[in-house]
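In: I'll drop the sequence and a predicted model, then ask my questions.
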Amino acid sequence: MNAAPKAVVLAAVALALCAPAHADEEPAPALVKPPAALTLDGVPGIPARLAEKLAPYGDFRASTMMSWHPVRREVLVRRRLNATNQAHIVAEPGVAPQPVTDFPDAVPFAAYEPSKGEYLVFTRAEGGNEVFRLYREDLASRAVTALSPEGERVSDVSWSRKGDRLVYATQPVDRNNDERKARTSVHVVDPLRPASDKVVARLEGGGWFDFRFSEDGKKLAFVEYLSANDSRLWVMDATGEHRRRVTPLAKGAPVSYLLPRFSRDARGLFATSDHGSEFRRMVYIPLGGGDERVLTGRIAHDVDEIDVSLDARRIAFTTHEDGADVLRFMDERSFKELPRPPLFAGVIGGLLWRPGAKEVAFHVTSARSAGDVFSYDIEKNQLTRWTNGNSPALNTREFAEPRAIRWKSFDAREISGLEYLPPARFTGKRPVVISIHGGPESEARPGFIGRNNYLVDELGIALIYPNVRGSSGFGKTFLKLDNGMKREDAVKDIGALLDWIGQQPDLDASRVVIAGGSYGGYMTLACAFHYAERIAGAIDVVGISNFVTFLEHTESYRRDLRRAEYGDEREPKMRAFLESISPLNNADKIARPLMVVSGRNDPRVPYTEGEQIVANLKQRGTPVSYILAGDEGHGFAKKPNADFQFYATVEFLRQVLKITP
């Protein structure tokens with residue numbers, strides 16, 4: 001069916017829905033009222049009965065670890081309260097979390113003051129704009145005091161051991177930055193005396209983060225991040241003096257150094273490094289001179305997280321193995337690895353030692369767990385579960401577990417991904433949704449897929465999460481395979497996946513939808529024009545439609561970091577290439593229905609990236625629906641908005657994949 005007849009049919013359907021029903025006709029179904037912040041264009045009405053079916057799949061309340069109380073065995077976790085994620089206290093394992101923040105916008109970071117725990121500090125932004133500001137909340141009175149300058153984006157926060165000072169970094173945002181030049185200010189403040197705030201260093205660029213005090217509070221270690229493959233470690237006095245780079249400039253291939261943590265005596269740093277290796281290994285770097293010492297050389301996997309306990313004299317770290325994480329321990333003095341606890345396979349984050357104890361906390365997600373906080377006491381060999389984030393209306397033990405799949409791409413390189421298959425009651429070849437992660441330096445991992453379980457369990461859709469070239473977790477060579485002029489090689493990996501789908505007896509190659517967010521949104525749009533005749537539709541969430549306009553309008557504190565990945569649009573040759581591969585300039589080849597989602601306050605991928613591809617396709621008569629949230633940024637963080645986005649996604653998939661209710 002071509003575009004014009006389809007438009008006529010849709011108009012007729014709309015008129016029919018608006019027309020009064022005859023006495024012998026069933027009344028029109030009740031529709032969901034969209035949240036006031038959403039602007040809809042071409043989005044069909046959502047039946048209320050569909051929203052009722054979907055509700056349990058959006059009712060999970062995952063918890064992530066934020067902070068230990070310094071005196072009591074009590075944790076601070078991040079968990080949804082009403083519409084957004086807020087800080088909660090869990091007074092003891094298994095008790096109901098009690099909220100200590102309640103704002104219209106999410107609280108991404110919070111931490112107890114580390115001496116008495118009488119107050120906490122936290123960050124929040126407004127409407128998804130990511131201009132995070134730092135605050136203190138006194139727990140007795142719940143009074144809130146701003147600590148950081150208004151209009152500057154807080155990007156990093158860390159306590160001194162004694163709790164008398166806090167270090168944080170800020171960057172100006174473009175609305176307050178006439179030069180639109182990236183720079184970072186490093187602040188040190190006593191949170192009880194906001195007027196004590198002092199800028200101890202000003203650094204050029206926006207890639208400075210992970211500031212950490214030494215045990216005695218006299219020094220700071222931090223990262224200079226230039227790209228996913230190139231980062232350095234620095235140390236300076238906490239006064240900002242005597243700043244020096246402590247990792248060498250690479251003579252050949254660049255090296256990635258991350259996660260600096262001081263040793264007890266401040267004579268060295270524990271960190272991760274891929275120097276001389278495909279993978280990030282934990283190393284010890286002596287600050288007085290000498291070569292770095294590799295501590296995990298026998299483990300051929302990335303070290304993802306590190307936390308050093310100077311009380312327990314132990315290092316907790318995670319290794320990324322076959323998509324899941326393994327929690328490991330090492331003696332801080334002998335560097336010998338210690339026995340590790342048996343955990344269910346999942347993705348681990350938030351490693352944090354309890355002060356004055358031999359207990360480490362973390363959160364874990366898996367295909368059947370939305371995400372909960374656990375702790376492990378290495379002395380008692382005891383694992384404790386603190387929270388339960390699953391939906392009471394659903395038995396997550398019945399959710400699909402992913403299986404690893406592999407296929408050969410255009411250059412014979414093996415590409416992998418995760419596949420979730422629907423229950424056996426769905427017979428015949430199943431429709432497919434290919435969901436492409438963002439980043440691009442990210443990875444599809446066997447964590448919790450949330451609402452998407454509805455697509456598998458109730459609609460019988462097979463979900464595939466590919467890890468195209470440029471994904472992390474597969475070595476630094478693989479990570480660089482999509483850089484610059486190689487950008488469309490990653491798109492070809494999806495073309496090869498479409499070939500693979502066509503060879504599977506249980507999958508329907510004629511009913512495939514491509515979906516993705518952020519960089520995955522670019523990949524979605526690129527596939528929509530490269531493989532227009534091989535897909536049924538596409539869903540672009542906060543994606544890039546033109547690399548040149550994206551690089552020119554993304555916030556200044558991230559622009560150079562993105563140029564390192566995508567290429568510098570100021571160079572004529574690169575600009576011409578980026579224009580040639582941009583979906584906006586190839587929109588005439590997009591022939592299948594498209595759904596686009598944007599946040600008006602998005603500082604990363606401006607909403608105009610979605611707006612311009614929608615306007616172009618509407619002018620051409622290509623079917624397109626558009627959701628714009630006036631109070632969101634890079635993805636929908638408020639539950640009512642996220643719920644409606646998913647309702648619309650389900651309706652879109654039912655239509656283009658020809659799935660009957």
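Out: Thanks, I have the structure now.

In: Could you use CA atoms for every contact and neighbour count after this?
Out: OK.

In: Please parse the chain into its domains.
Out: 3-58+402-546+585-656, 64-385 (automatic domain parsing).

In: contacts for stretch 188-195?
Out: 136, 146-147, 164-168, 196-200, 238 (CA atoms under 8 Å, 6 or more residues apart in numbering).

In: and if we set it to 7 Å?
Out: Arg136, Leu147, Asp164, Arg165, Leu166, Val167, Tyr168, Ser196, Asp197, Lys198, Val199, Val200 (CA atoms under 7 Å, 6 or more residues apart in numbering).

In: what about the second one, distance to Arg280?
Out: Taking CA to CA, to the nearest Å as the measure, Leu147 and Arg280 are separated by 35 Å.

In: what's the span of stretch 355-373, first residue to last?
Out: 17 Å.

In: Going along the chain, name the helices of the stretch 1-150 of the chain.
Out: 3-18, 48-54 (DSSP state H, counting those that start in this stretch).

In: about what we covered before: and the contacts of stretch 188-195, which is closest to His634?
Out: Tyr168 (22.9 Å; CA to CA).

In: Quick check: the closest residue to that closest one other than its chain neighbours vs Leu134, distance?
Out: Leaving out its chain neighbours, the residue that sits closest to Tyr168 by CA to CA, 6 or more residues apart in numbering is Val157, at 4.3 Å. Distance, Val157 to Leu134, by CA to CA: 9 Å.

In: Between those two, point out the one with more neighbours.
Out: Leu134 (26 against 23; other CA atoms under 10 Å).

In: Out of the domains of the chain, which is closest to Ala564?
Out: domain 64-385 (5.9 Å).

In: Let me see the contact set for Thr184.
Out: Going by CA under 7 Å, 6+ apart, the list of residues near Thr184 reads Ala169, Thr170, Gln171, Arg202, Leu203, Glu204, Gly205, Gly206, Trp208.

In: Among the residues you listed, which ones are in strands?
Out: Using DSSP state E, Ala169, Thr170, Gln171, Arg202, Leu203, Glu204, Trp208 are the members of the contacts of Thr184 that sit in strands.

In: which residues does the fifth one contact?
Out: Shown here is Leu203, whose contacts under the criterion CA under 7 Å, 6+ apart are Arg183, Thr184, Ser185.

In: any idea which of these is closest to Phe410?
Out: Arg183 (41.1 Å).

In: neighbours around that closest one, how many?
Out: Quick note: Arg183 (other CA under 10 Å) scores 19 neighbours.

In: beta partners of it?
Out: Glu204 (DSSP bridges).

In: Give me the distance between it and Gly127.
Out: Taking CA to CA, one finds Arg183 at 24 Å from Gly127.

In: same check, this time on Ser148
Out: 18 Å.

In: same deal with Ala51?
Out: 25 Å.

In: Could you check which of these two is surrounded by more residues?
Out: Gly127 (22 against 18).

In: residues contacting the residue nearest to that one when sequence neighbours are not counted?
Out: Excluding the flanking residues, the one nearest Gly127 by CA to CA, 6+ apart is Asp631, at 4.4 Å. The contact partners of Asp631, taken as CA under 7 Å, 6+ apart, are Ala37, Gly127, Gly128, Arg600, Asn601.

In: residue boundaries of the strands in the stretch 101-250 of the chain?
Out: 109-112, 119-124, 133-138, 144-146, 152-159, 166-172, 183-190, 193-204, 208-213, 219-227, 230-237, 244-245 (DSSP state E, counting those that start in this stretch).

In: so which of the contacts of Thr184 comes closest to Gly45?
Out: Nearest member of the contacts of Thr184 to Gly45, counting by CA to CA, is Gln171, at 41.9 Å.

In: is it true that that closest one touches Glu152?
Out: Yes. Counting by CA atoms under 7 Å, Glu152 is a contact partner of Gln171 at 5.6 Å.
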